[in-house]
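Q: okay, sequence plus prediction incoming.
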Amino acid sequence: MVELESKAMKPIEIDPTAPDSVVRRDFLKQLSAAATAAMMSGTPQFVRAESGGKQPKATADTCILLWMGGGMAAPDTWDPKRYVPFASGIPVAKVESTFPAINTAVDNLKITAGLENIAKIMDRATLVRSHIQPDLGSILHSRHQYHWHTGYVPPQTVACPHLGAWMSRVLGPRNPVMPAFINIGQRLEGVGESEELKAFTTAGFFGGEFGPMVIPFPEDGATSVRPPKGMEPGRFDNRYALYRKLIDKNPQRDVMSDYQQESMLRSMDNAHRLLGSPAAKAFDITLESPENIRKYYPDYQPGVRFEASRDRFAGTYEAGTVGRFGLGCLLARRLVEAGARFIEVSTEYIPFFNWDTHENGHTRLVAMKQSIDAPIAQLVRDLEERGLLDRTLIIVASEFSRDMIMEGKPGSTAKDQAGFKVDTITEMKHYGQHRHFTGGASVLMFGGGLKKGFVYGATSPERPFVAVENPVSVTDIHATIFTAMGISPKTTFEIEGRPFYPTEDGLGKPVKELFSKTV
Amino acid sequence: MKRLCTRVWLAAFGASALTGAASAANAPKTPVDFSHQIVPILREHCGECHTGDKKKGSLSMNTRADLLKGGESGAVLEPGKSAKSKFIEVLITKDDDAKMPPKGPRLSREKVELLRAWIDGGAQWDDGFAFKKPAYEPPLKPRRPELPRVVRGRTNAVDRILDAHLARTKVKTPVAIGDGEFARRVHLDIIGLLPEPAALEKFLTDKSKDKRATLVRELLDRNVDYAEHWLSFWNDLLRNDYAGTGYVDGGRKQITKWLYASLVANEPFDRFVRDLIAPNADSEGFSRGIKWRGSASAGQAVEVQFAQAVGQTFLGINLKCASCHDSFIDRWKLDEAYRLAAIISEAPLEVHRCDKPSGRIAKPGWLFPELGDVDAAQPPAERLKQLAALMTHPDNGRVPRTIVNRLWHRLMGRGIVHPVDAMQTEPWSVDLLDFLAVQLADQKFDLKKIIELICTSQAYQSRAQVVAKDTDDHGYKYAGPRAKRMTAEQFLDAVWQITGTAPAKPEAPSVRGQPDPAPKAAAAKKADVAKKTADAKKAEPAKKAEVVKKVPPVKPVPQPMVRASLMKADLLQRTLGRPNREQIVTSRPTDLSTLTALDLNNGQLLADLLARGAAKITKERGDSSDALVKWLYLQAFARAPSKNELAVATEALGSKPTEQGVQDLLWAVVMTPEFQIVR
């Protein structure tokens, strides 16, 4: 065991009281060996932070993206317009919002009914109401999602890294035993468009080390860092001990100094260490009291699992999915506390489910709002209570908005996507935001050094609800997020000789007005 | 890259007025010494991006003429008028987006003044001086190197070249490996499977002198195993898969059937290339690319994808940059990329620069007109045939060099030219590359012959170089093969082989089996009499080859095990590095990441495989721990366990192995670097 117990193989010790930057530096030192090896194989090389060589001063250490995949309609969530209640015989074009507006903790700021919990914490929020998307021809969710998650419009000649992979690559985890990039709530197998989802849920050309740890079901978080099913901890440890003994006796020990070999042993050691570390407990939401869990998921019953397949095909999918997102938010909070860097929690994109409302939009949104309202509010409150909100940037976003009558944006030739193309509403299923709208969406943010109780940008008061004040592109939203995290939008990596940036062509400009202090 | 394209030298700024004043005040009294005062400044601060083959913003400073010609946004320097020269403005501007150099320290005031003085003095340049380094320009034509003399009886041509190379670079000849190590390596390299214990024992006890060569040949002759292993290499390189973006909506077409048939029949590489470039219905998926739903940028139009794919796959040329603007990293230009793209285009193809129409229509043509060109007046199908002929033209050395380099990379762990997609890079042994390339042509483009040549060399049969973190810090020096990490497919196949848990059915839509020995004679097509074109004469030999019959169909033959290459990428394969094949991929991850290790530690897919395998193995071999361990070591590592290993493993199993005990031992064994690294 002499070799293995040498300095290089020692578990990474972190001082919990050390400033984040020190922890990061130590971790990077230990990783630098891996980086050297990566360069040898022609993988991307870090070139520079930006022209001046400096990264911006971070206003946040952790980022949580709460992803409303499928197209969350701004007029029915964060940007209320004229509410017309359901009635048979009303023209579709007359309806702007299918929910009435409600007051929030901020004077003169209204959002829509169904979001009462969030309304109470809007005094901690920055709300961008002028987010716009490019027109990608027919408005396909997966392409817009790819764009929103990587900053690049597909197709691209190289595999683009996810936002989380950028943070993983440039910043690493806050706690070295934790995976830096954790993706919660989205299945990548067995759902529609799964290939397209996989295409952006990846570290792309950065390579697997920086890719996501995928936890489709938050209640399975614990199993992802636990020995496999049916293996009790004692046996699991013995198995690892046997592995170490066999390596110790391996006649190839004379080539153990080989870098590839050494890095393989180190990765195995890291993984095993995470599995046995206190940080692993962060993945286990059942360690929270039922009362705490119910703050995120009011109907939580210990041991009762959400079963997507059953609920989906029983036609009560949305009702069934309430709670899953909530548990994801709870898990995210635990992971923030344990030192993850980037966490995405998705309401799960499944074509024609959840936020992807091509019919029955209003009814569907009642359930969707129910599934996000309490958890998001609770997440913000919990982080605030723990003193973590100021350094945690939370973003609630979607690939585009929706509208009752307009597909795309004014002038778009995109095909109408509504399930029922009626001019007059006669049934409840006609009542809702059934068209994809790319001209004006909302992005809600909390913490991470942004202003509190602040609204930026506006959509037109009359249809079409395009952003008429301070439009903010995907590139600039990303630049804002990266800047908050201390990553210049112009940070440069070189892949295949091509310079590559976290925002498209390095052109992203942070929306400086959103920050509480000058950045 | 748009940022680079649109970078302007400088918007009109107040700075220019200041410049004028300063310049007038400091008008030079003595002439500036170009070579001693100016050259060092230009080299230090501008050289990285604007000399040699680099010309960012299309500005090169290699010669005075280049510099005066200016860049994308026009002239940068007017001799005698520093105040009017953008060249000076960008040095002193405070605009971060326009300043030069974009990184690193600003130029000192003294240096700026020197440059001003130099410009004001007429920007004198020493006659004949150029910044151009002796940049390497790869030859196009094949070259037959003279083989060095045989040393110590090592007659294989690869060894003759490398022995001389080692002598010249003063590197010790790598030590030879033993039979067991050789058997495991060559099995995994040629057929992607572990040697079976019985066959291995036979090989180890075989006393014949040429048994290694015999083994190589036997493995190459296992057509199905060979095909199903190399299928992954080609799927990556030709971006073919069984599921993925585009397949569902008809925007992409598989070439699996054609590819499998070609590999199992060991179709000559020249024909293989022709089938892909001037395709039939089964092979057209490659040239068609991926038609994305919705709109795609001009640089990703299917025609441009075709140019990129042909460039990267067969020529080792990266046309991705040049499909948007003139490349900054090599010599390829936007128009050249579009000319190649236009060959396949049904309609006139307008050149787009950085996604904006240029108004120019690309004239179909290929990258090396010195070998002849396609006839732009012909319809696309005919143009593609002409392109295919040019790609496989006997004077085209680039295509053979590119593929033999890829094979060398696969077998020896590192390219002769590296990275393998940048064939403009200087090889570490020109002779080796050139030799292998002409050898391929001599062997009628039989790829197996090249693999055989490499695998029977002493170079291949020597110990893998031990690579430290800093080994390549000062450039690569050949010192033996480099170890390779198992691919996802190799790892899974090996686990399935040991545990007998391969899936019941393949998912690839292809018949598994041998080429039909009696393909219908009717299938052989007469070549149509092609119109004589101006270039036809040059392309003549390749044209004749078109007469050959179609790839023989595959006759189903039952196979003992489904291979991972025939399955869709599941979570475990992805974790282990099987790529998403929307882009061409030419190398797999070399290191095992922590996330992968995590999955291997507790992922359910692997755990289930091992549990099922353990049940089977315990039933079949559960009588003796000792025998079980010995069998496992032979199967997994192609060697017997050492005394110590045997002791540790049997102790873990106990006298009567249990399923759990076997499962945990299996896990420990397949997790060792010796198992996962092919060395």
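A: Yep, it's here.
Q: any idea how far residue B:453 lies from chain A?
A: Distance of residue B:453 to chain A, computed by CB to the nearest CB, to the nearest Å: 25 Å. C-betas here are computed from N, CA, C, even on glycine.
Q: dihedrals phi and psi, residue A:446?
A: Residue A:446 has phi and psi values of phi -140, psi 150 when expressed as degrees, to the nearest 10.
Q: check contacts around the residue nearest to it when sequence neighbours are not counted.
A: Residue nearest to residue A:446 in three dimensions, not counting chain neighbours: residue A:394, with 4.3 Å by CB to CB, 6 or more residues apart in numbering or on different chains. The contact partners of residue A:394, taken as CB atoms under 8 Å, 6 or more residues apart in numbering or on different chains, are A:63, A:64, A:66, A:376, A:379, A:380, A:383, A:445, A:446, A:447, A:448.
Q: per-residue pLDDT, residue A:394?
A: On the pLDDT scale, residue A:394 is placed at 98.
Q: and it, what helix or strand is that in?
A: In this structure, residue A:394 sits in strand A:392-397 according to DSSP states H and E.
Q: taking the contacts of residue A:394 one by one, which sit in strands?
A: Those of the contacts of residue A:394 mapping onto strands are A:63, A:64, A:66, A:445, A:446, per DSSP state E.
Q: quick one, domains of chain B?
A: B:2-120, B:594-678 (automatic domain parsing).
Q: among those, which is nearest residue B:282?
A: domain B:594-678 (32.3 Å; CB to CB).
Q: which one is residue A:506 nearest to, not counting chain neighbours?
A: residue A:490 (4.1 Å).
Q: would you agree residue A:445 is in contact with residue A:389?
A: No. Taking contacts as CB atoms under 8 Å, residue A:445 lies outside contact range of residue A:389: 11.4 Å.
Q: who has more neighbours, the two?
A: residue A:445 (25 against 22; other CB atoms under 10 Å in any protein chain shown).
Q: can you name the residues bridging to the more buried one?
A: residue A:126, residue A:395 (DSSP bridges).
Q: where's it relative to chain B, distance?
A: Distance from residue A:445 to chain B, by CB to the nearest CB: 26 Å.
Q: now for that residue: which residues touch it?
A: Residue A:445 neighbours (CB under 8 Å, 6+ apart): A:125, A:126, A:127, A:128, A:393, A:394, A:395, A:396, A:514.
Q: list the contacts of the last one.
A: Neighbouring residues of residue A:514 by CB under 8 Å, 6+ apart: A:126, A:128, A:445, A:450, A:451, A:454, A:456, A:480.
Q: what subset of those residues is buried?
A: Neighbour counting over these (16 or more other CB atoms under 10 Å in any protein chain shown) leaves A:126, A:128, A:445, A:450, A:451, A:454, A:456, A:480 as the buried ones.
Q: near chain A, which residues of the stretch 101-250 of chain B are found?
A: Contact residues, the stretch 101-250 of chain B versus chain A (CB under 8 Å from any CB of the partner chain): B:102, B:103, B:104, B:243, B:244, B:245.
Q: pLDDT wise, what is the first one at?
A: pLDDT for residue B:102: 85.
Q: residue A:113 contacts residue A:99, correct?
A: Yes. Residue A:113 lies in contact with residue A:99 (CB under 8 Å); the separation is 4.6 Å.
Q: for those two, indicate the residue with more neighbours.
A: Using other CB under 10 Å as the criterion, residue A:113 and residue A:99 rank with residue A:99 on top: 21 against 18.
Q: out of everything not next to it in sequence, what's closest to that one?
A: residue A:112 (3.9 Å).
Q: how near is that neighbour to residue A:97?
A: 6 Å (CB to CB, to the nearest Å).
Q: so what sits against both of those two?
A: Residues touching both residue A:112 and residue A:97 (CB under 8 Å, 6+ apart) are A:75, A:76, A:80.
Q: looking at those, which is nearest residue A:191?
A: Among those, and counting by CB to CB, the member closest to residue A:191 is residue A:76, at 24.0 Å.
Q: what about the residue of the stretch 401-550 of chain B found nearest chain A, how many neighbours?
A: As assessed by CB to the nearest CB, chain A sits closest to residue B:419 within the stretch 401-550 of chain B, at 3.8 Å. Counted with other CB under 10 Å, residues neighbouring residue B:419 total 19.
Q: equivalent analysis for residue B:61, please.
A: When neighbours are defined as other CB under 10 Å, residue B:61 has 23 of them.
Q: returning to that earlier point: which one's more surrounded, residue A:112 and residue A:97?
A: Taking neighbours as other CB under 10 Å, residue A:112 and residue A:97 compare with residue A:112 leading, 25 against 22.
Q: centroid-nearest residue for chain A?
A: Nearest residue to the geometric centre of chain A (CA atoms, centre = their mean): residue A:344, 2.4 Å.
Q: for that residue, helix, strand, or coil?
A: Here residue A:344 is recorded as strand under DSSP: H, G, I helix; E, B strand; the rest coil.
Q: which non-adjacent residue is nearest it?
A: residue A:65 (4.4 Å).
Q: for that neighbour, give its distance to residue B:51.
A: 43 Å.
Q: correct me, but residue B:447 touches residue B:408?
A: No. Residue B:447 is beyond contact range of residue B:408, at 11.9 Å (criterion: CB under 8 Å).
Q: for the stretch 1-150 of chain A, which residue gets nearest to chain B?
A: Closest point on the stretch 1-150 of chain A to chain B, by CB to the nearest CB, is residue A:137, at 3.3 Å.
Q: so, low pLDDT: which residues of the stretch 301-450 of chain A?
A: For the stretch 301-450 of chain A, applying pLDDT under 70 flags the ranges A:305-322.
Q: in it, what residue comes closest to chain B?
A: Of all residues in the stretch 301-450 of chain A, residue A:414 sits closest to chain B, at 8.7 Å by CB to the nearest CB.
Q: is that residue in a helix, a strand, or coil?
A: coil.
Q: leaving out chain neighbours, which residue sits closest to it?
A: Per CB to CB, 6+ apart, closest to residue A:414 is residue A:408, 3.9 Å.
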